[in-house]
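# Predicted model and sequence follow; I will ask about them next.
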Amino acid sequence: MGSVNVILSFFKENKVDYSLNIVQQIVKFPCLYCGSTVEMCTLTTYWNCDFCNENGNLLILIKYFKEGNKLIAKVYNPKKEQQIIGNKFKCLTKKFPALKNDLVDIENRVMQLIIHYKKEPK
């Protein structure tokens, strides 16, 4: 878990969008060169971009940011998106109390749909 903490600390310090999968021991983040999502092994810190074929490790990332570069691309994080959707439903329910029942019904249906697709094999 030590290298994971170092990687996440580095990403947070440099404001890099990331997604951690602790079970698969990978961190997803945007490629430095093309912005596509790449996967870094948390054990070796090695990463390879399937889109542009660039690769590297944590040391390459450190050098990239020490040179003053920034990384603005985002990584789609389903868990974060689900939280945002839930929060928006709560805000809308407070803002439009007359629509509360409909909004709660829609929220429940969206969450059921998410659960359904999480269970489906890929």
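Alright, I've got the coordinates.
# what does stretch 68-79 contact?
With contact meaning CB atoms under 8 Å, 6 or more residues apart in numbering, stretch 68-79 is reached by 14-19, 28-32, 35, 37, 64-65. The way it works is simple: take the backbone N, C-alpha and C, and place the C-beta from them, glycine included.
# swap that for stretch 101-109, sorry
Residues from elsewhere that reach stretch 101-109 (CB under 8 Å, 6+ apart): 85-86, 89, 92-93, 96.
# at 6 Å what do you get?
Residues outside stretch 101-109 that contact it (CB atoms under 6 Å, 6 or more residues apart in numbering): 89, 92-93.
# one step back: among the contacts of stretch 68-79, which are in helices?
Those of the contacts of stretch 68-79 mapping onto helices are 64-65, per DSSP state H.
# wait, which of the contacts of stretch 68-79 is closest to residue 110?
Nearest to residue 110 among the contacts of stretch 68-79, counting by CB to CB, is residue 19 at 20.7 Å.
# for this structure, longest helix please?
Assigned via DSSP H, the chain shows its longest helix as helix 100-119.
# Could I get the contacts of stretch 101-109 in CSV, plus columns for neighbour count?
Supplementary listing: the contacts of stretch 101-109 in CSV, determined by neighbours: other CB atoms under 10 Å:
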residue, neighbour count
89, 17
92, 15
93, 16
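# tell me, how many neighbours does residue 48 end up with?
By the criterion of other CB atoms under 10 Å, residue 48 has 14 neighbours.
# can you start the count at 56 instead of 1 from here on
That works, and once the first residue is 56, the last one we named lands at residue 103.
# Could you count how many residues lie near residue 92?
Neighbourhood size, residue 92 [other CB under 10 Å]: 18.
# That one contacts residue 83, doesn't it?
Yes - counting by CB atoms under 6 Å, residue 83 is a contact partner of residue 92 at 5.2 Å.
# quick one: the strands in the chain?
74-76, 81-85, 92-96, 102-103, 110-111 (DSSP state E).
# ok, of these, where does mean pLDDT dip lowest?
Across the strands of the chain, strand 74-76 has the smallest mean pLDDT, namely a mean of 90.
# Enumerate the positions of it that are buried.
Neighbour-count burial for strand 74-76, with 16 or more other CB atoms under 10 Å as criterion, is recorded at 74-75.
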